[in-house]
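**Student:** pasting the sequence and the predicted model now:
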Amino acid sequence: MVEGTSNVNEAFLTGESRPVVKKANDEAIAGAVNGEGALTVKVTRTGDQTT
């Protein structure tokens, strides 16, 4: 994450039952649902390097 703060719902991907707060320097998971706020992310892994 480059900038911004928001609650992100990762339940479908991680099973986490509650939204997780994400802020600058946190890792964001593709497919997570941004609940509120604006986020700017930087892609650091693609293809075979992903989960």
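**Tutor:** Received it, and whenever you're ready, just let me know what you need. Numbering: from 1, shown residues only.

**Student:** dump the helix-or-strand element of the chain with minimal mean pLDDT to CSV, keeping only the CA atoms.
**Tutor:** Lowest on mean pLDDT, DSSP states H and E among the helices and strands of the chain sits helix 11-14, with a mean of 88. What follows is helix 11-14, C-alpha atoms only, in CSV (Å, rounded to 0.1, in the frame of the first residue of the first chain):
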residue,chain,number,x,y,z
ALA,A,11,-13.1,-12.7,4.5
PHE,A,12,-13.4,-14.5,1.1
LEU,A,13,-9.6,-14.9,0.9
THR,A,14,-8.5,-15.4,4.5
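
**Student:** starting at the chain centroid, how far to that helix?
**Tutor:** On the basis of CA atoms, centre = their mean, to the nearest Å, helix 11-14 sits 11 Å off its chain's mean C-alpha point.

**Student:** neighbouring strands for the next helix or strand after it, and are they parallel or not?
**Tutor:** On the C-terminal side of helix 11-14, the closest following helix or strand by DSSP states H and E is strand 20-22. Looking at strand 20-22 with DSSP bridges, its partner strands are strand 6-9 (antiparallel).

**Student:** nothing else from me, thank you.
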